[in-house]
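Engineer: coordinates only, no sequence provided:
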């Protein structure tokens, strides 16, 4: 594995999930693999879970880690080519990425979208340039359009919490918020679940108010609905997440119906487990009674971020040592 | 030891001081104890000594450390229950603490009081919630009302610097400042010194201008005075510190007398050693002539922060390995 | 080696360059040397290359590292003596440095000049006080007037990239910028190149518009010119860098001629390699066509920062273990 950016970087979801669960069972089994190897974690935006879990994963593998808060410990990066840099950006991503690649065997990059220009965000220009110029394997720590470590975590968590016969019904349910949020988490969750569905692991439904359609490339084979009540029926896992509009990019529409999942709505499901990538706004996106109740997986799910990161780093280290 | 928040978490001060001094004599003797164990240091406020000394202590014990500057690398936490999170707080402490507990074997938390609502600050609501929700042992890196690593350091430093027969007279002396400061350091120092006095290790006096009385729970058995000159007589250790009023919470009164310790006042003592938790405002809280003179212990005292942190982490690691 | 501040701290440039290149060939050969040793990296200003490369160097030597972003994780330091600290500075450098020296075996300090008062900046008051008060070996991570890790890197890079007979002609060429920048990098580069010239390793020329003369102490023996075209003739290495005026301290003059190096100007040289300390403003300081072309060494040069830092730390560790 030379990059970890989308579900396309993983040949088989079932296999990587099993490998991650084996790491969870023996976290330090591969600590010789990362000896004398350096992971650089580059943050252009804040992070709690990704920051801590990826550091832990790397340390479990015996790696050294340097954290670079580019936005705070460094300066603003230029990403456009062909501009005279006489403004506020101090360094071009061409140099910055190349230099970090000199110091690190593997790099991780977090960069949120600006939510202003859909074409720019969806081109993943910054992530792609970083990857091209640094010349070492890169792990996405969330980019403009995807959050693959989260999505890998989510399928690990679903697998770990499903012991019944047959396939679970997984529902991605839009939720309210006060801010316009990126589509990265739902895009990514959806592309991973569609692939898991293609592998015969789950059945997948996306439900959201009209206007909140995700880009089609992320939902191949998904059952898509605007009816929350219907979609919740027989759900085994409900993945709650807000996002802003893709169509009218970054817009937020008034939604008349109440889309916040609470115990009353949960009762419509097949005693579903409830997931969220966190941070979650209590009683706005998701009812406290669910977060504090027996059906919530959100903390275990966050805990599993370690094993998602660790399996990705392990595969990259194995590739490097070939 | 499952938490380190107040003097009540330590059964015997004399014993823990001796254990800390043994660690100082052989810093790396227990480095197998922390192998594959993760310490997470969570800062909601700035820190120099605590940040560096606690990292060093953990590394001496063979632990891994992740530092999380929640205020800068993360986002604002909600601590109130039952609120709809549609404001500026991004994550509830219930989730944030629980998630950090997933990644770490031991957590440290620094959080200053707001100095606005005494009841809120003295409830230690944030610290208690963090401790309850993270479900791993927690070390206070200074909370609203206490700074126990500092106070343990202080009794270590007093013990190390006292070789005469009998008990030293220790005086906590209020000092001027330009800002309203929390009572955490003096509260904590006082509760540790009162316990040390109860164990027969020292004699303890608190002296401050009228109006600056500490909460009674922190001063059991202390000799309390408003007369600096009288209190300094025969003092062997003078601990200098400013604090704001507990009674009229967070208020600062004009003080007519000069309360700044200088060489003239030091001459009243029994050639006392002078201590301060740092940072110290020179020639406002404490005279430069003392800080630069032979009686100042402030740098050695700060150095001892390592051994206070290390003995606490050692006891927690031993408890975890039971 | 007890400090690394200027070229005067290095007895022989040729020897330290060879030692650094040996470390590059075997990065982990000395990892026992730093075991149980702590490096503290103290930043009063932002940093990318220095931050990452020095951490990597220390880890290669088996050291532990603590990074202290004093400006963000800490507070403002007072450097003046004899002032009543009733303003915005929270801690005096006397205490801050001494305390950090308690926790660390070696310290690194980055502090930029204010560019307002030449005498103050050129006194290197802050760096010198830090060094005196911390009482452990100190590595400059760039101070008001010098950036010695960069300059050592530069002579390593020149040595590594010169295989022809005879000495290379090295030209330090002033370049345009939109901001007033310190003289630290050109001062330092010049003092190292002048010493390398004295050792018979290179020939050295400084070229800049009239008014941008460096302080004479940094240019002993250098060929100094105001004619870019003439200076570029036969150049083997061109080191591009902007700086503000030393004479009218911190001032920036309008420069009529075009001083930005591009392929047309590069054609005047002896197919020179082009260097820059980075970050570089593309197409303002240096043409993209050069940065993206075969003559640019800037990324390799930045990569060599590791070996410069590592050889300095190695020598300090060896001194400590005597």
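Structural biologist: Looks like it came in fine. It should be emphasised that the depicted structure is a prediction, and the values quoted were computed from it without experimental measurement.
Engineer: pLDDT below threshold where in the stretch 101-250 of chain A?
Structural biologist: Low-confidence regions of the stretch 101-250 of chain A, defined by pLDDT under 70, are absent; no residue qualifies.
Engineer: and the one residue in the stretch 101-250 of chain A that gets nearest to chain B, what helix or strand is that in?
Structural biologist: The minimum distance from the stretch 101-250 of chain A to chain B, using Cβ to the nearest Cβ, falls at residue A:178 (4.8 Å). Every residue, glycine included, has its C-beta placed from N, CA and C. Element membership for residue A:178, per DSSP states H and E: none, as it lies in no helix or strand.
Engineer: and the nearest residue to residue A:81 once chain neighbours are set aside, what is it in contact with?
Structural biologist: Counting by Cβ to Cβ, 6 or more residues apart in numbering or on different chains, residue C:288 is the residue found nearest to residue A:81 once chain neighbours are left out, at 7.6 Å. With Cβ atoms under 8 Å, 6 or more residues apart in numbering or on different chains as the criterion, the residues that contact residue C:288 are A:81-82, C:282.
Engineer: tell me if I'm right that residue A:115 and residue A:179 touch.
Structural biologist: No. With contact defined as Cβ atoms under 8 Å, residue A:115 does not reach residue A:179; the gap is 9.9 Å.
Engineer: have a look at those two and say which one is more surrounded.
Structural biologist: Remark: of residue A:115 and residue A:179, residue A:115 carries more neighbours, 18 against 11, as counted by other Cβ atoms under 10 Å in any protein chain shown.
Engineer: does residue A:280 touch residue B:95 like I think?
Structural biologist: Yes. Here residue A:280 reaches residue B:95: they are 6.4 Å apart, a contact under Cβ under 8 Å.
Engineer: residues near the nearest residue to residue A:24 once chain neighbours are set aside, how many?
Structural biologist: Distances taken as Cβ to Cβ, 6+ apart place residue A:307 nearest to residue A:24, at 4.6 Å, with adjacent residues excluded. Using other Cβ under 10 Å, residue A:307 has 28 neighbouring residues.
Engineer: distance of residue A:307 from residue A:141?
Structural biologist: Here the distance between residue A:307 and residue A:141 works out to 16 Å (Cβ to Cβ, to the nearest Å).
Engineer: ditto for residue A:252
Structural biologist: Distance from residue A:252 to residue A:141, counting by Cβ to Cβ: 25 Å.
Engineer: have a look at these two and say which one is more surrounded.
Structural biologist: Residue environment comparison for residue A:252 versus residue A:141 gives the larger neighbour count to residue A:141, 25 against 18, counting by other Cβ under 10 Å.
Engineer: could you break chain A into its assigned domains?
Structural biologist: In the assignment given by automatic domain parsing, the structural domains of chain A cover A:3-146+A:305-320, A:162-296.
Engineer: could you dump these to JSON lines with distance to residue B:16?
Structural biologist: Rendered in JSON lines, the data for the domains of chain A read as follows (distance: least, Cβ to Cβ, whole Å):
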{"stretch": "domain A:3-146+A:305-320", "distance to residue B:16": "29"}
{"stretch": "domain A:162-296", "distance to residue B:16": "37"}
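Engineer: could you say which helix or strand holds residue A:96?
Structural biologist: With DSSP H and E as the test, residue A:96 turns up in helix A:93-103.
Engineer: gap between that helix and the chain center?
Structural biologist: Here the centre of mass of C-alpha atoms in helix A:93-103, compared against the chain's by Cα atoms, centre = their mean, to the nearest Å, lies 24 Å away.
Engineer: just give me the residue right at the centre of chain A.
Structural biologist: Centroid check for chain A by Cα atoms, centre = their mean gives residue A:147 as the closest residue, at 2.4 Å.
Engineer: from what I can see that one touches residue A:191, true?
Structural biologist: No. Using Cβ under 8 Å, residue A:147 makes no contact with residue A:191, being 10.6 Å away.
Engineer: which bits of chain A sit near chain C?
Structural biologist: Among all residues of chain A, those adjacent to chain C (criterion: Cβ under 8 Å from any Cβ of the partner chain) are A:36, A:38, A:40, A:64, A:66, A:68, A:70, A:72-75, A:78, A:81-86, A:90-92, A:94-96, A:98-100, A:102-104.
Engineer: restricted to buried residues, select those in ChimeraX.
Structural biologist: To isolate the buried subset of the residues of chain A next to chain C in ChimeraX, counting by 16 or more other Cβ atoms under 10 Å in any protein chain shown, use the following:
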select /A:38,40,64,66,68,70,72,73,74,75,78,85,90,91,92,94,95,96,98,99,100,102,103,104
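Engineer: coming back round to it: got the contact list for the helix holding residue A:96?
Structural biologist: Outside helix A:93-103, the residues that touch it by Cβ under 8 Å, 6+ apart are A:38, A:40, A:42, A:66, A:68, A:70, A:77-79, A:81, A:107, A:126, A:129-136, C:48-49, C:52-53, C:56, C:278-280, C:282, C:291-292, C:298-300, C:302-303, C:306.
Engineer: for the residue of the stretch 151-300 of chain A found nearest chain C, what are its contacts?
Structural biologist: When you check the stretch 151-300 of chain A against chain C by Cβ to the nearest Cβ, the closest residue turns out to be residue A:279, at 21.9 Å. Applying Cβ under 8 Å, 6+ apart, we find residue A:279 in contact with A:48, B:75, B:90-91, B:95-96.
Engineer: state the distance from it to residue A:309.
Structural biologist: Here the criterion is Cβ to Cβ. By it, residue A:279 lies 18 Å from residue A:309.
Engineer: again with residue A:267
Structural biologist: According to Cβ to Cβ, residue A:267 stands 35 Å off from residue A:309.
Engineer: end-to-end on stretch A:43-52?
Structural biologist: From its first residue to its last, stretch A:43-52 covers 12 Å (Cα to Cα, to the nearest Å).
Engineer: now what about that stretch, what contacts it?
Structural biologist: Contact partners of stretch A:43-52, identified using Cβ under 8 Å, 6+ apart, comprise A:41, A:67-71, A:77, A:109-112, A:141-142, A:149, A:278-279, A:302, A:305, B:40, B:66, B:68, B:70, B:73-75, B:91, B:96, B:99-100, B:103-104.
Engineer: okay, now residue A:128: neighbour count?
Structural biologist: Other residues near residue A:128 number 15, with proximity taken as other Cβ under 10 Å.
Engineer: show me what contacts it?
Structural biologist: Applying Cβ under 8 Å, 6+ apart, one finds that residue A:128 lies in contact with no residue.
Engineer: can you tell me the helix or strand for it?
Structural biologist: Counting by DSSP H and E, the element that carries residue A:128 is helix A:125-134.
Engineer: which of the contacts of residue A:279 lies closest to residue A:248?
Structural biologist: Distance from residue A:248 was checked for each of the contacts of residue A:279 by Cβ to Cβ. The minimum falls on residue B:90, at 24.9 Å.
Engineer: all strands of the stretch 201-322 of chain A, in order?
Structural biologist: Read by DSSP state E, counting those that start in this stretch, the stretch 201-322 of chain A holds these strands, from start to end of the chain: A:203-207, A:223-225, A:237-241, A:273-275.
Engineer: partner strands of the second one and their direction?
Structural biologist: It refers to strand A:223-225. Strand pairing for strand A:223-225, determined by DSSP bridges: strand A:203-207 (parallel).
Engineer: so the strand it pairs with versus strand A:237-241, what angle?
Structural biologist: Our comparison of strand A:203-207 with strand A:237-241, counting by axes from the mean of the first three to the mean of the last three Cα atoms, to 10 degrees, yields an angle of 30 degrees.
Engineer: run through who's touching strand A:203-207.
Structural biologist: Among residues not part of strand A:203-207, those counted as contacts by Cβ under 8 Å, 6+ apart are A:167-174, A:186, A:190, A:193-194, A:196-197, A:214, A:219, A:221-228, A:231-232, A:235.
Engineer: which of the residues you listed fall in helices?
Structural biologist: With helices identified by DSSP state H, the entries of those that belong to them are A:186, A:190, A:193-194, A:196-197, A:228, A:231-232.
Engineer: of those residues, which is the most crowded?
Structural biologist: When these are compared by neighbour count (other Cβ under 10 Å), residue A:193 ends up highest, at 31 neighbours.
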